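Asks: What follows is a protein structure lacking sequence information:
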């Protein structure tokens, strides 16, 4: 019945998309806020200025609310490979499983244990030891990013393996190659800097909001410091995101040229190739009515030179048909085209808002006009959206492959799972995630609006927000 | 010993660690409405597992990840085959994890009551379903030549696996009650011991049936030994709890869980997921990864697992102090400037009993 309307493959893909994008809303903030909280607590331990302690606890509460969501949605990710993608799991297990297991052993244990110590250890550990726990947890989040991106990068650019025709499985031959995959190196840089951009915008947005609503409060100077730090973080990280993203783009063009062609809906090979900021035309970009173009920019993004040659979709299709046999090698062009632009545009906008904020501070006009405080608050959402579009672009741009050049997505899905089953789990996850999003947002808003926790004397208990 | 045997043991140990540690988390969560009569008590109960539950749950993530890495075919068939039970377990773990972190963030009775329900659901359901899942692994499921599960959902809920579910539930309840007895002081501690006794008695029947049935169906000489030891440990836990030695009683309820898990894995070997048609059974030999990744993972595990064990043990040592409930049920206590959890413990450090 359900099978007549949709197939399990499409549903499994949608489910992976929904659960992954949702999970990744929390991941960058977990990484970034861990470092923000660690930095603030370090400032406290170095100066014993209670303002830093209060800021630590304020952002610590937001960190915990965010982390809880990231943790619980993360388990779904691990189970999902086996549940919906069993043939994929069989094919890649020899290679893909190891980084996943190591992420658990080396990163998740570290993160979860030391976050637990940090949340509950305020009056159990000496200040320095307590400080160490959050730094270790923050380090754990980076280790986690390393391993999971090593696994993902292997899907984008498989290295260090050989294909066993008899078992139809990929077999690991060089783990060093997997852990030093060039794709992974740039992906880690791009993802981690994006996490810091996200967090910078988050901190700046919340502090700006506080300053607008309580500009006369005693907390104002603390939030001013936080806002400034957040803006610097966003601007510096924003530049690093752009630089790392550029090297990622150039590398991607050599490893997955179709993805870059799909990013521009470039059908015919061009030299130099222009980049369209905006196009009106057919949905798949094959015919355009009007577009706003920057000459040579696509050449630069793809090759690093404004005069570089960028291969078009038609040429690549012909090459792939020769190499892999006849088939459809085109990603969904409207998705790749728009997600690529939105990723860049929204990320850029987030950094620009922070740059304006820094300029306003310099000119002594912060806290100041209402529009900026609103923009900074809205700016929290921009990197979150940019991150989501980035993942949608890189995963959709790899299609029809799940492991580039080795295994098609259609061949990875669980053969024994029917559409009705996948639909059930998709509905269940969507409903739960939707409900939790409302609850989480409510709590975030509430905790962010509450202001700094009350200053407490040394050795006193922690504020109720940390308790159960 | 071959690498696949080594990793079979490693995975058995990871599941044992998971059931031992999260077992008492599930127990505490399930006993929350029973032992936590007032908000103070519920907060104290949750504080016993507050700092550690997430670290305990990572044992599951590592067990699943290690299965993926060392026996990809086992992972693929098991996770797609047990689709719906695993979906429900995921839902339960999601709600439970969020509930732990969110319930104290808003000072409202209704808010907390709702999250308490989520904790109850999120603790009972996986406690039962893990037993059901493992019951089916031992019993064998319909698997075809492509190693895909071909049975329906209903096939997973047979009497043997349901006894397995009841076994894990009652074992975890007893383990959790003893953990509470070990980690609290005063009235809650006393009632926890009583509950541990009652639940412990209720554990005996399903555990005995499950072990004997397992022995009859898939038993070996070794499993007869582990099963007997499991039974002895269970009785020992009951007796020691009765005489007020909750620390040893807890150790033995943990040993029971470990020995039951060991019995299951020894009974299973060399299969990892038997098929009802034995020609299509997944075994340590046909489900395994190649030598190279297994060798790498062996080194990583040998180096890092002791480190993990050390810092997790240290966490338990840091939070070794018993948690007292101020006031007790029915008594007024100052409104929550005091907060709860570690805060309360800190304030009452002098009154907390340390053993």
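Replies: Ah, there it is. Just so we're clear, the structure is a prediction, and the values are computed from it rather than from any experiment.
Asks: ok, now which ones touch residue B:118?
Replies: B:95-96, B:98-99 (C-beta atoms under 8 Å, 6 or more residues apart in numbering or on different chains). Quick note: C-beta positions are derived from backbone N, CA and C, even for glycine.
Asks: cool, and residue B:132?
Replies: So residue B:132 contacts B:85, B:156-157, B:161-162, B:164-165 (C-beta under 8 Å, 6+ apart).
Asks: Let me know the closest of those residues to chain A.
Replies: residue B:85 (10.7 Å; C-beta to the nearest C-beta).
Asks: and that closest one, how many residues sit next to it?
Replies: Close neighbours of residue B:85, defined as other C-beta atoms under 10 Å in any protein chain shown, add up to 22.
Asks: Just list what the helix or strand where it lies packs against, helices and strands only.
Replies: In this structure, residue B:85 sits in helix B:83-102 according to DSSP states H and E. Helix B:83-102 is packed against helix A:50-84, helix A:419-449, helix B:53-70, helix B:109-139, with contacts defined by 3 or more C-beta pairs under 8 Å, 6 or more residues apart in numbering or on different chains; DSSP states H and E.
Asks: residues touching residue 325, list them.
Replies: You didn't say which chain, so I picked chain A. No contacts exist for residue A:325 under C-beta under 8 Å, 6+ apart.
Asks: My question was about chain B, not that one.
Replies: B:40-41, B:44, B:184, B:186-188.
Asks: Could you verify my assumption that residue A:20 touches residue A:392?
Replies: No: in this structure residue A:20 lies outside contact range of residue A:392 using C-beta atoms under 8 Å: 9.2 Å.
Asks: need the residues of the stretch 101-250 of chain A near chain B, please.
Replies: A:101-106, A:108-110, A:112-117, A:119-125, A:169, A:171-173, A:175 (C-beta under 8 Å from any C-beta of the partner chain).
Asks: Mind jotting down where the strands sit in chain B?
Replies: Per DSSP state E, chain B carries strands over the ranges B:184-185, B:271-273, B:282-283, B:323-324.
Asks: which bits of the stretch 151-300 of chain B sit near chain A?
Replies: So far as C-beta under 8 Å from any C-beta goes, the stretch 151-300 of chain B lies against chain A at B:289-290, B:292-293, B:296-297, B:300.
Asks: can we see that at 10 Å?
Replies: When proximity is defined as C-beta under 10 Å from any C-beta of the partner chain, the stretch 151-300 of chain B approaches chain A at B:151, B:153, B:286-297, B:300.
Asks: May I ask which two of the residues you listed are separated the most?
Replies: Farthest apart among these by C-beta to C-beta are B:153 and B:295. That separation is 38.6 Å.
Asks: on that earlier part again, would you turn the strands of chain B into JSON lines with mean pLDDT and mean neighbour count?
Replies: Shown next, in JSON lines, are those (pLDDT from 0 to 100; neighbours: other C-beta atoms under 10 Å in any protein chain shown):
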{"stretch": "strand B:184-185", "mean pLDDT": "92", "mean neighbour count": "22"}
{"stretch": "strand B:271-273", "mean pLDDT": "95", "mean neighbour count": "25"}
{"stretch": "strand B:282-283", "mean pLDDT": "95", "mean neighbour count": "21"}
{"stretch": "strand B:323-324", "mean pLDDT": "86", "mean neighbour count": "24"}
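Asks: okay, these in TSV with distance to residue A:182 next?
Replies: Output for the strands of chain B, formatted as TSV (distance: least, C-beta to C-beta, whole Å):
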stretch	distance to residue A:182
strand B:184-185	54
strand B:271-273	36
strand B:282-283	36
strand B:323-324	52
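Asks: residue contacts, residue B:63?
Replies: Counting by C-beta atoms under 10 Å, 6 or more residues apart in numbering or on different chains, residue B:63 touches A:101, A:104, B:10-19.
Asks: One more pass at 7 Å, please.
Replies: Residues in contact with residue B:63 (C-beta atoms under 7 Å, 6 or more residues apart in numbering or on different chains) are B:11, B:14-15, B:18.
Asks: same deal with residue A:160?
Replies: A:172-175, A:177-178.
Asks: tell me the strands in chain A, going along the chain?
Replies: With DSSP E, the ranges of strands along chain A come out as A:161-164, A:169-172, A:275-281, A:288-294, A:401-403, A:407-408.
Asks: Sheet partners, orientation included, of the fourth one?
Replies: Right, strand A:288-294. Using DSSP bridges, strand A:288-294 pairs in its sheet with strand A:275-281 (antiparallel).
Asks: Can you mark which positions in the partner strand are buried?
Replies: A:275-276, A:279 (16 or more other C-beta atoms under 10 Å in any protein chain shown).
Asks: Can you lay out those residues as TSV showing pLDDT?
Replies: Output for the buried residues of strand A:275-281, formatted as TSV (pLDDT from 0 to 100):
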residue	pLDDT
A:275	92
A:276	89
A:279	83
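Asks: How much space separates the most centrally placed residue in chain A from residue A:402?
Replies: Closest to where the C-alpha atoms of chain A average out (C-alpha atoms, centre = their mean) is residue A:387, at 4.5 Å. According to C-beta to C-beta, to the nearest Å, residue A:387 stands 21 Å off from residue A:402.
Asks: cool, residue A:176 as well?
Replies: With distances taken as C-beta to C-beta, residue A:176 is found 24 Å from residue A:402.
Asks: ok, these two, which is more surrounded?
Replies: The neighbour count for residue A:176 versus residue A:402, taken as other C-beta under 10 Å, is higher for residue A:402 (23 against 10).
Asks: okay, and the helix or strand of chain B with the least pLDDT?
Replies: Least confident helix or strand of chain B, by mean pLDDT, DSSP states H and E, is helix B:341-347 with a mean of 37.
Asks: And the helices in chain B, which stretches?
Replies: For chain B, helices defined by DSSP state H occupy the ranges B:3-35, B:39-49, B:53-70, B:72-81, B:83-102, B:109-139, B:159-183, B:187-218, B:221-242, B:246-268, B:291-318, B:341-347.
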